[in-house]
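[1] How does the following fold in three dimensions:
(one chain, ligands or ions: 1)
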Amino acid sequence: MINASLPELRRALDARQISSVELASLFLDRIDALNPALNAFITVDRDGALAAARAADERIAAGTAGALTGIPLAHKDVFCTEGVLTTCGSKMLSNFVSPYDAHVVSLLKAAGVVSLGKANMDEFAMGSSNESSYYGAVKNPWNTARVPGGSSGGSAAAVAARLAPIATGTDTGGSVRQPAAFCGITGIKPTYGLVSRYGMIAYASSLDQGGAFGASAEDCALLLSAMTGFDERDSTSLERPTEDYAAALAAPASAKPLEGLRIGLPREFFAEGMADDVRAAVEAALDQYRALGATTVEVSLPNAKLAIPAYYVIAPAECSSNLSRFDGVRYGHRAADYGDLADMYSKSRAEGFGAEVKRRILVGTYVLSHGYYDAYYLQAQRLRRLIAQDFQAALQQCDVIAGPTTPTTAWALGQMADDPVQMYLSDIYTIAVNLAGLPGLSHPAGFGTDGLPVGLQLIGDYFAEARLLNAAHRFQQVTDWHARRPATAA
Ligand code: GLN
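    Numbering: from 1, shown residues only. Alright, predicted model coming up:
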């Protein structure tokens with residue numbers, strides 16, 4: 001049961017082969033057994049999960065269950081959950097029990113999903129390795145001496161180790177796709193504006209987007225369908241009809257189901273920078289796509305190399321503004337001893353934030369300050385526009401863009417902890433997608449020479465989620481990379 005797909009779990013629940021309470025208990029027991037070694041969860045909500053599972057069982061009995069009713073899930077701890085500790089991986093919020101649910105959390109609750117708890121993450125979603133969490137690093141289930149990726153590393157590790165069948169995440173510069181790649185699972189970041197940011201603790205608001213993790217594209221499609229939808233409480237939420245991404249996968253079988261799909265391969269992604277073993281896995285996966293009927297064409301993203309410098313101006317600028325609300329006054333950490341009000345602010349923030357968060361607040365404050373705004377922030381916004389235009393030009397020549405998700409497989413814990421710039425550079429293939437607001441998906445495509453998973457990234461035009469999920473699903477119907485499991489879940 002722990003390795004069952006969501007459609008298999010649905011059938012088992014509907015056929016009463018297992019109850020939702022039994023299913024939740026199975027995963028909660030696995031969390032008890034395996035989480036001490038992986039540190040994928042910050043909070044395990046056994047009582048809440050069992051109560052939700054009992055309610056789900058009643059709905060199933062009453063014949064009112066939906067696709068996800070009774071299915072267990074892990075929420076990234078960036079999503080506010082009413083009555084449950086919501087830390088965002090930070091000491092600053094280590095005492096914060098949210099008084100309300102994020103929009104995504106309410107949608108999934110209404111669908112009857114059973115939240116098992118809150119997944120570990122880089123502090124305020126800033127990082128690529130999950131080592132910046134106040135709650136300690138998450139370990140990669142494939143090799144516990146390696147990082148799981150970040151910032152949604154707890155969510156990805158939980159799904160890979162089958163501590164939860166599915167999980168939510170957020171992706172500001174790659175935080176769904178990169179940990180999905182490092183942990184050998186599938187993850188999708190939709191078009192900016194498709195998933196409401198209400199109650200999703202803000203890092204860089206013009207880039208932050210909720211996303212879905214699952215073992216397969218099909219599981220991601222089911223979860224994403226339940227997460228999207230207009231929300232007037234998020235001013236950038238898009239008012240458009242929701243799509244059933246899973247139904248869109250049910251195309252008739254054919255030997256060449258991807259006939260007519262043009263895959264663009266950006267010259268810049270396949271130049272130097274990608275490790276040989278990642279390249280070999282990505283090339284082999286592209287051969288498989290060709291065997292399914294797709295054609296490939298070279299495209300160019302000439303400004304993609306500027307994505308990292310642009311992002312590391314824009315994201316810190318937005319974070320310095322967003323994180324100014326954490327001042328120790330209404331909620332969150334407050335220093336025990338202080339003099340006047342200014343001293344209370346400064347001591348609370350000095351104690352509550354970790355080093356990476358402070359570094360970004362300082363950079364952001366600097367690039368927004370008088371005299372530097374034009375030189376840094378405005379320049380970065382211009383680059384952002386050029387990068388978005390590159391994608392639009394490339395997408396004139398192809399239907400989806402493919403390449404590696406990451407330049408290497410997961411690196412060793414501690415390896416980049418003292419070298420933030422090196423860590424920033426590891427996001428070279430994912431960040432441009434957020435700057436353009438496009439959807440991106442990562443799916444397992446093989447293994448590196450170190451035995452760790454390799455991810456292939458698919459990027460689409462705005463609202464091309466169904467196309468990305470469909471391509472990945474067709475690939476997964478004829479390959480088994482997504483079905484491989486680390487030893488603890490085999
Ligand atoms: N790794 C990137 C960063 O450190 C992206 C993080 C994210 O997507 N939340 O900012």
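[2] So T81 is in contact with S106, correct?
    No: with contacts counted by CB atoms under 8 Å, T81 stays clear of S106, the gap being 9.9 Å. Glycine gets a C-beta too; all of them are placed from N, C-alpha and C.
[3] who has more neighbours, these two?
    Using other CB atoms under 10 Å as the criterion, T81 and S106 rank with T81 on top: 24 against 18.
[4] contacting residues for the more buried one?
    Neighbouring residues of T81 by CB atoms under 8 Å, 6 or more residues apart in numbering: H75, S98, D101, A102, V105, S115, K118.
[5] quick one: P302 from the ligand, how far?
    The spacing between P302 and the ligand, counted by CB to the nearest ligand atom, to the nearest Å, is 22 Å.
[6] Surely that residue is in a strand?
    No: using DSSP: H, G, I helix; E, B strand; the rest coil, the secondary structure at P302 is coil, not a strand.
[7] Quick one: residues contacting it.
    E268, D390.
[8] what about it, distance to L383?
    In this view, P302 and L383 are 12 Å apart by CB to CB, to the nearest Å.
[9] Please apply the same query to D32.
    The span separating D32 from L383 equals 47 Å under the rule CB to CB.
[10] Could you look up the SS state of A52?
    Of the three states, A52 takes helix under three-state DSSP.
[11] who's in contact with it?
    In this structure, A52 makes contact with A24, K109, G112, V113, V114, S115, judged by CB under 8 Å, 6+ apart.
[12] same question, P453
    Under the contact definition (CB under 8 Å, 6+ apart), the residues listed for P453 are W142, A181, F182, C183, G184, T409, A410, P444, G446, F447, W481, R484.
[13] again, but for Y376
    With contact set as CB under 8 Å, 6+ apart, Y376 has these partners: V313, Y366, V367.
[14] who in the stretch 101-250 of the chain is up against the ligand?
    A125, M126, G127, S128, G150, S151, D171, T172, G173, G174, S175, Y203 (CB under 6 Å from any ligand atom).
[15] sorry, back to before: got the contacts of A52 as JSON lines, with neighbour count, distance to G89 and pLDDT columns?
    As requested, the contacts of A52 are exported to JSON lines (neighbours: other CB atoms under 10 Å; distance: CB to CB, whole Å; pLDDT from 0 to 100):
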{"residue": "A24", "neighbour count": "26", "distance to G89": "24", "pLDDT": "98"}
{"residue": "K109", "neighbour count": "16", "distance to G89": "22", "pLDDT": "98"}
{"residue": "G112", "neighbour count": "24", "distance to G89": "28", "pLDDT": "98"}
{"residue": "V113", "neighbour count": "26", "distance to G89": "22", "pLDDT": "98"}
{"residue": "V114", "neighbour count": "29", "distance to G89": "23", "pLDDT": "98"}
{"residue": "S115", "neighbour count": "22", "distance to G89": "17", "pLDDT": "98"}
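[16] out of these, what pair is the most spread apart?
    Farthest apart among the contacts of A52 by CB to CB are A24 and K109. That separation is 14.2 Å.
[17] What is the neighbour count of P257?
    Taking other CB under 10 Å as the neighbour definition, P257 ends up with a count of 20.
[18] so it sits in a helix?
    No: with the criterion set as three-state DSSP, the secondary structure at P257 is coil rather than a helix.
[19] Strands along the stretch 351-490 of the chain, start to end?
    For the stretch 351-490 of the chain, strands defined by DSSP state E, counting those that start in this stretch occupy the ranges 400-404, 440-447, 453-460.
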